[in-house]
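Chemist: Below are the sequence and a predicted model; questions follow.
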Amino acid sequence: MQTLAVAGALCVLVIVLRLTKEIAFSLIVSVVALGVFSSIPVSVYGHAFMVQLLDWSFWRVMITISAIYLLGDTMSKSGDSYRFVDSIRRLFPTPRVSIALLPALIGLLPMPGGAMFSAPMVKSISQADETIDAEDGVSINYWFRHSMEFFWPLYPAIIIVAGMADVALGTIVALMLPVGLVAIISAYFMMIRSWPRMKLSKGVLKDLLVNGWPLFATIVFVLIGASGWIVVSVISVVYVMTKKNRLDILVKSVKYKMLLLLGAVFFFKAFVEEAEIAAGMSSELMLWSIPPVLVIMLLPALMGFMTGITQAAVGMSFPLIMSLQNGLTPLSIAILGYIFAITGVYISPVHLCVALTTQYFDVSYARFLKKILVPLLFSIATGIVIFVILR
């Protein structure tokens, strides 16, 4: 039975991931296991591989994510990211507002362990306000850094989601924007509780524009409807060419593990489609009276909690859940699956930002979780409403 074969393949995935810590390799092994458990001919593997190579959405995602890493590495290695953040601190001198804005703006630039980038600055600024304790510091730093992941078009996971659903990135971003806004606004009222005060000066505004123009340019072009992958690619290349150490940045920005992961994810997707795994699995779920919606929610959440990496959660779960349509639209499945993938990652104790920042601020995992729970529930509820409208 297909469902049992899929369950077996997922068990193989979990075991291999535990043993090797290599997500791409684990995905490939699980695809092989799925084929063995389902008695699928070897020829299907070759056909799926060719389908993947000819899939433009696969190459578009590869180009986009490579450009994003180039942009991030250029900002980091040139020192522009630090100067940009410092400008924000000077622009908004109120400590509670500053410690929310700093991680939020850093959240515009995806990077592993990004919450640790802003943690020392947040801790330093929070010392100027005795009402800000360690729990406030870790939760504000973490939440406002990660709220951007719901909708910001530079995050690899949301780009993969758009590719898997075969819809424009702008469509996913527009639908996820209300979720991100609810995440930010609800957390602002619960955690910040302070009216923003600006300290404008020509020097600060100049520093913001000079050091943050790649981010501002990306925002403007995406908002006016330009193709996301073209915008990011062009801006990244133009930006790195303005730096003296451009060759070193170009070489070091190539993330081979990420490219292998993307290849494995899209191969998994192509194999599931070519082997018609979905048809058998859907009929079996209906026979067993298991709602596909339950699988669409739980599988990404489980993968997110287990790995602590959003793009891994999406990559492991979406090839399966995108095939469980049963009257649902691909777009509605993508939105619901992405919401729960993020949820699993956000509360995962193996999430790098959770592990590092709770240790840095000396706050227990349970106390940290309690602080972010309410804005997270508001965000999930908003996502479910959008799913219901789309279905």
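Modeler: Right, received. Where do you want to start? Residues are numbered from 1 along each chain as shown.
Chemist: Would you mind listing where the stretch 251-391 of the chain has pLDDT under the threshold?
Modeler: For the stretch 251-391 of the chain, the stretches with pLDDT under 70 are 278-283, 285-286, 350.
Chemist: Quick one: the helices in it, in order.
Modeler: Along the stretch 251-391 of the chain, the segments classed as helices by DSSP state H, counting those that start in this stretch run 256-274, 277-287, 292-307, 310-321, 330-346, 352-360, 365-390.
Chemist: Nearest to Phe84, out of those?
Modeler: Nearest to Phe84, of all the helices of the stretch 251-391 of the chain, is helix 352-360, at 19.8 Å by Cβ to Cβ. Where C-beta positions appear, they are placed from N, C-alpha and C, glycine not excepted.
Chemist: If you count neighbours, what's buried in that closest one?
Modeler: Neighbour-count burial for helix 352-360, counted by 16 or more other Cβ atoms under 10 Å, picks out 353-355, 357-358, 360.
Chemist: just stretch 197-210 next, same as before
Modeler: In stretch 197-210, counting by 16+ other Cβ under 10 Å, buried: 204, 207-208.
Chemist: tell me which of the residues you listed is nearest to Pro103?
Modeler: Pro103 has its nearest neighbour among the buried residues of stretch 197-210 in Leu208, at 16.7 Å by Cβ to Cβ.
Chemist: thinking again about what came up before, narrow the buried residues of stretch 197-210 to those in helices?
Modeler: 204, 207-208 (DSSP state H).
Chemist: Using a markdown table, please lay out those residues together with distance to Ala100 and pLDDT.
Modeler: Formatted as a markdown table, these follow (distance: Cβ to Cβ, whole Å; pLDDT from 0 to 100):
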| residue | distance to Ala100 | pLDDT |
| --- | --- | --- |
| Val204 | 18 | 80 |
| Asp207 | 20 | 84 |
| Leu208 | 17 | 82 |
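Chemist: what would those residues look like in CSV with distance to Val179?
Modeler: CSV is the format used below for those (distance: Cβ to Cβ, whole Å):
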residue, distance to Val179
Val204, 31
Asp207, 31
Leu208, 27
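Chemist: Let me know the closest of these to Ala301.
Modeler: Closest to Ala301, out of all of those and judged by Cβ to Cβ, is Leu208, at 37.4 Å.
Chemist: Relative to Asn141, how far out is the closest one?
Modeler: Leu208 sits 21 Å away from Asn141, going by Cβ to Cβ, to the nearest Å.
Chemist: Among the ones in helices among the buried residues of stretch 197-210, which one sits closest to Thr171?
Modeler: Using Cβ to Cβ, those come closest to Thr171 at Leu208, 29.9 Å.
Chemist: Can you verify my assumption that the closest one contacts Arg83?
Modeler: No. Taking contacts as Cβ atoms under 8 Å, Leu208 lies outside contact range of Arg83: 9.2 Å.
Chemist: just to revisit the earlier point, pipe the helices of the stretch 251-391 of the chain into TSV and attach distance to Phe37 per row.
Modeler: As requested, these are exported to TSV (distance: least, Cβ to Cβ, whole Å):
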stretch	distance to Phe37
helix 256-274	13
helix 277-287	10
helix 292-307	17
helix 310-321	14
helix 330-346	23
helix 352-360	32
helix 365-390	31
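Chemist: which stretches of the stretch 51-200 of the chain have low pLDDT?
Modeler: 109, 111-114, 116-118, 120-121, 128, 196, 198.
Chemist: residue ranges of the strands in it, please?
Modeler: Remark: no strands are assigned in the stretch 51-200 of the chain by DSSP state E, counting those that start in this stretch.
Chemist: what are the ranges of the helices in it?
Modeler: Counting by DSSP H, counting those that start in this stretch, the helices of the stretch 51-200 of the chain are 56-78, 80-91, 95-106, 114-126, 134-146, 156-165, 169-187.
Chemist: closest one to Phe268 among those?
Modeler: Nearest of those (Cβ to Cβ): helix 156-165, 10.2 Å.
Chemist: List the neighbours of that closest one that are in contact with it.
Modeler: 57-58, 60-61, 64-65, 68, 110, 149, 151-153, 168-169, 171-173, 176, 228, 258, 262, 265-266, 269, 310-311, 313-315, 318-319, 322, 330-331, 333-334, 337-338, 341-342 (Cβ atoms under 8 Å, 6 or more residues apart in numbering).
Chemist: Please report the distance of Val388 from Arg90.
Modeler: For Val388, the distance to Arg90 - Cβ to Cβ - is 44 Å.
Chemist: In terms of neighbours, single out the busier of those two.
Modeler: Shown here are Val388 and Arg90; by other Cβ atoms under 10 Å, Arg90 has more neighbours (14 against 10).
Chemist: Thought Leu200 was touching that one, still the case?
Modeler: No. Using Cβ under 8 Å, Arg90 is not in contact with Leu200, being 10.0 Å away.
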